[in-house]
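Engineer: Pasting the sequence and the predicted model now:
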Amino acid sequence: MTLDIIKILKDVNFTEYEAKAYLALLEKSPLSGYAISLNSGVPRSKIYEVLGGLVDRGEVMISHENPALYTPLPPNELINLKKRKAESSFEVAEEALENYSYVSLNRENIWNITGYEPILNRTKEAIKEATRRILLEIWAEDAQELKKELQAAAKRGVEILIVSYGDLVFDFAQVHQHDASEEITNEYGGRWIVLSADDREVVAGILSLGKDSRAAWTMHPGLVMPITEVIIHDLYIYEMMKKHREILESSFGPNLIELRNRFKFNSSGYSVAAKLGLIK
């Protein structure tokens, strides 16, 4: 019978020595470590290490006498304690494994999303999962579609930085209006979105083509890093323009138009739809 009970206790994460010491205390307690060793068969060289582990887990109690005496947690309390710890461990493991599975399944893939609403829905989900920082480049009218999710993220303590094309007022976020919003809108004939959540996942694409709007969503580090840096780069420029606008515009024209013209690629009259190959 004792061997069966030892096996049962081993199934609930007792070592053999711990099971023998606990059973010895159930038969008679309180006992000193020396007496427990004699009654349980646990070697004297191991008994205090074994008892220390049981005490640390709250499964055996110790008195601070000399010598110290030990008494077991009653069996019903022991089982309840084990159940609570097991449930807590399973909850932690479930959450950790879900996150690991989610990341491991997606970090090497690049997913295509088609359509205005699906793109915004994927963006909203990324915002909901963010815990530290959201970087976002977006046109003001599209940003309104994300206001609820962004506001909720801000309430969770997430830092939100937005580069806005057009006038946008979100009192829960740091909003930086792009100086060349009108010029860029006219030049490209469309609106895009670039989101980086926790420097961990990105959504990037064109929003202004209705059902033909296209975006990519990925956790691939080879894309997350450079796309995140694109947004940070625009924030750098915003801060430099705020402090040194006169100097920079004297060198590169209003809103740095000369730099934009220098690095444009065959964009005159070339719409977003044409660039995507949707029209010829």
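Structural biologist: Happy to help now that I have it. Numbers count the residues shown, from 1 in each chain.

Engineer: so where do the strands sit in the protein?
Structural biologist: Assigned by DSSP state E, the chain shows strands spanning 31-32, 60-62, 69-72, 110-114, 133-139, 159-165, 174-177, 192-197, 201-206, 214-218.

Engineer: Model confidence score at the closest residue to residue 75 other than its chain neighbours, please.
Structural biologist: Setting aside the residues directly before and after it, residue 75 is nearest to residue 26 in space (C-beta to C-beta, 6 or more residues apart in numbering), at 7.2 Å. (C-beta placed from N, C-alpha, C; glycine too.) On the pLDDT scale, residue 26 is placed at 91.

Engineer: that older thread, could I get the strands of the chain as a markdown table with distance to residue 13?
Structural biologist: Formatted as a markdown table, the strands of the chain follow (distance: least, C-beta to C-beta, whole Å):
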| stretch | distance to residue 13 |
| --- | --- |
| strand 31-32 | 23 |
| strand 60-62 | 14 |
| strand 69-72 | 16 |
| strand 110-114 | 41 |
| strand 133-139 | 40 |
| strand 159-165 | 42 |
| strand 174-177 | 49 |
| strand 192-197 | 38 |
| strand 201-206 | 37 |
| strand 214-218 | 41 |
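
Engineer: Can you tell me which of those strands is nearest to residue 239?
Structural biologist: Residue 239 lies closest, by C-beta to C-beta, to one member of the strands of the chain: strand 174-177, at 8.4 Å.

Engineer: Distance from the closest one to the middle of the chain?
Structural biologist: Distance of strand 174-177 from its chain centroid, counting by C-alpha atoms, centre = their mean, to the nearest Å, is 24 Å.

Engineer: With stretch 154-164 instead?
Structural biologist: Worked out by C-alpha atoms, centre = their mean, stretch 154-164 lies 15 Å from the chain centre.

Engineer: buried sites along that stretch?
Structural biologist: For stretch 154-164, burial by neighbour count (16 or more other C-beta atoms under 10 Å) applies to 154, 158, 160, 161, 162, 163, 164.

Engineer: And for stretch 164-181?
Structural biologist: 164, 165, 166, 168, 170, 173, 175, 176, 178, 179, 181.
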